[in-house]
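Novice: Return a 3D structure for these sequence lines:
(2 chains, ligands or ions: 2)
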Amino acid sequence: MTPPKPNTVEFNKQKTILYARVGPPGSGAARYAAAMYFYNMKLMPVEMLEIYRRCSKFDDEDPNDLATYEGVQDCLLDFSTSLRKKT
Amino acid sequence: MESLACKMNTNVRDIAIPNDWDRRGLPGWCYHSPALLELEKEKLFKTHWQIACHVSDIPEAGSFQCFDMCDERAIILRDPNNEVRAYYNICRHRGSRLVVKEQGTCPNALICPFHGWVYNLDGTLRGPGRPESFPQMDKSKFGLRPIEMEVWQGFVFVRFRPGPQPSVAELMRPFEEEAAAYKMDQHVPTDGIWTEKSPVNWKSVRDVDNEGYHVAMAHPALQDLYGSTYKDEPFVDGVSRSDGEFTPTKGRRWAVRNYKKMSMPQSFLPEHLQKRWLYYGIFPNSVIAVTPETVLFYQEFPVATGESVLRSATYRNETENRQQRAARYLAARIDRETVDEDIQLTIWSNEAMASDSFEGFYLSDLEYGVRSHHDHLRKVLPIYTLDDAPNEDELSALNTSMQHTGQT
Ligand code: FES
Ligand SMILES: [Fe+2]
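Specialist: Numbering: from 1, shown residues only, chains lettered A, B, ... in the order given. Ligands and ions are numbered 1, 2, ... in the order given. Predicted structure coming up:
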């Protein structure tokens, strides 16, 4: 796979997956995979990636809730709040 | 009943039964030797093409199907470019099973359930869990290991190790034209992939399936359906063929009577295939069968000397009307009945192999298919030619030395 680039089709796809509604089967794993994508781009800190990893088997778990609870800073993406769907 | 297709095949393959042939089967010890079973796993099952699934089992990007056989595990996956790919279902970190479910969809990536390594759908490593705990990694070195794979008429074949067979397309060439008429690759799943354990040696399953001599005795429904039109062509160059054409009788049994009534001409099939069930045997352990309503595969794998896994799946035409669907259900019912009858036969036959008083097969001309399969086995593993069981500890080495001296 080619190295990730911002604002490509793949970038936008991963962004959508990262902020998709919590709940659907497999969504936890998909979010973690997307988080790894943004970590590789240096757009997400390793602590937040770990939050996503911990939530990866729990589709109903909102990583942002866990991040808040653990006091981990949300991802560095500037679009993080504007795009996140309210659940 | 001699169809065009049969004549065509006769021209290509020498399917004549010799006048004088050795009518014995394999010696009884071959059915309960653990050392031979290990050799069979390595030299037959892992080195010969195996049907993993059908392309319709993985319909969209991210769809996967797992396939386990003889301590090997594969994952068949459709990547974002719609390409079918096959990998070992083994994480490069510590070897965990990467995909746990039998079948499903992983739209974004594959994630190992052990420590969370993430793999892209093209098999490359996206990243390890807790990446900061590793030194700088060359991710290209940690991609999933691919398995040799080939799609033939919609069926996905894998081969775990290099082996003596040519490509699947080459192997199946004698039937290519006939098989293509069925548009197998455009079929879709019916009730998924079915597996069942059976308490017999895998060869007892194959021995029963490789002859039609027992049909009239053991399969009243098949007899009612195609009766004496059924015939077997032996294994030649790794493939065999059997078929039966519906007899003109109405059918005495409920399912057959109604099946014959419901089965209707398929627009895409030439006339001589409209009322025919056809089976292609693929050495050592697989069959693809076609009816006007369905295509299916079945296969068996050894678990232990006295235990095998039977695995099969049926696919249907994507567009089918109510009558065709009814015909398909009836065909499945006839088939299920047949499978149960065969399982019983394999158990009875397999039991004999453990008995000292059984002196071995004495085969009819109608069972030459069994002989031809055994001859294929002997060619791969000359050890099968020994009448008496060799010492278990020396079996593998002895087989190797027989191979070198050309004893088959
Ligand atoms: S074994 Fe797969 S992540 Fe460790
Ligand atoms: Fe049978």
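Novice: Look up which residues are beta-bridged to B:Arg241.
Specialist: Beta-bridge pairing for B:Arg241 (DSSP bridges): B:Glu233, B:Tyr280.
Novice: so how far is chain A from it?
Specialist: 43 Å (C-beta to the nearest C-beta, to the nearest Å). Heads up, the C-betas are built off the backbone N, CA and C, glycines and all.
Novice: How about B:Ile111?
Specialist: In this view, B:Ile111 and chain A are 5 Å apart by C-beta to the nearest C-beta.
Novice: My understanding was that that residue contacts B:Asn120; is that so?
Specialist: No. Using C-beta atoms under 8 Å, B:Ile111 is not in contact with B:Asn120; the gap is 11.0 Å.
Novice: of the two, who's got more company?
Specialist: Shown here are B:Ile111 and B:Asn120; by other C-beta atoms under 10 Å in any protein chain shown, B:Ile111 has more neighbours (27 against 21).
Novice: Look at B:Phe301 and give its secondary structure.
Specialist: Following DSSP: H, G, I helix; E, B strand; the rest coil, B:Phe301 is assigned to strand.
Novice: Check A:Asn64 too.
Specialist: helix.
Novice: Just give the number of residues close to it.
Specialist: A count of nearby residues for A:Asn64, using other C-beta under 10 Å, gives 21.
Novice: for B:Ala304, same thing?
Specialist: By other C-beta under 10 Å, neighbour count at B:Ala304 equals 12.
Novice: Next: B:Ala216.
Specialist: B:Ala216 is flanked by 13 other residues according to other C-beta under 10 Å.
Novice: ditto for B:Tyr88
Specialist: With other C-beta under 10 Å as criterion, B:Tyr88 counts 18.
Novice: same check, this time on B:Pro164
Specialist: Count around B:Pro164 with other C-beta under 10 Å applied: 10.
Novice: That one falls within a helix, correct?
Specialist: No. Remark: B:Pro164 does not belong to a helix; assigned using three-state DSSP, it is coil.
Novice: Point out where the chain drops to low pLDDT.
Specialist: Assuming you mean chain A. Along chain A, the parts satisfying pLDDT under 70 run over A:1-3, A:74-87.
Novice: meant chain B actually
Specialist: B:1-12, B:408.
Novice: which residues of it fall in helices?
Specialist: Counting by DSSP state H, chain B has these helices, from start to end: B:4-12, B:34-40, B:168-171, B:176-180, B:202-209, B:215-218, B:220-226, B:254-262, B:322-353, B:368-380, B:395-404.
Novice: list the helices and strands the longest one packs on?
Specialist: Counting by 3 or more C-beta pairs under 8 Å, 6 or more residues apart in numbering or on different chains; DSSP states H and E, the packing neighbours recorded for helix B:322-353 are strand B:188-198, helix B:202-209, helix B:215-218, helix B:220-226, helix B:254-262, strand B:294-304, strand B:307-316.
Novice: Need the winner for burial among these.
Specialist: Most buried of these by mean neighbour count (mean count of other C-beta atoms under 10 Å in any protein chain shown) is helix B:202-209; its value is a mean of 26.
Novice: From the contact counts, what lies against that helix?
Specialist: strand B:294-304, strand B:307-316, helix B:322-353, helix B:368-380.
Novice: re earlier: most packed of the helices of chain B?
Specialist: Mean neighbour counts for the helices of chain B (mean count of other C-beta under 10 Å) peak at helix B:202-209, with a mean of 26.
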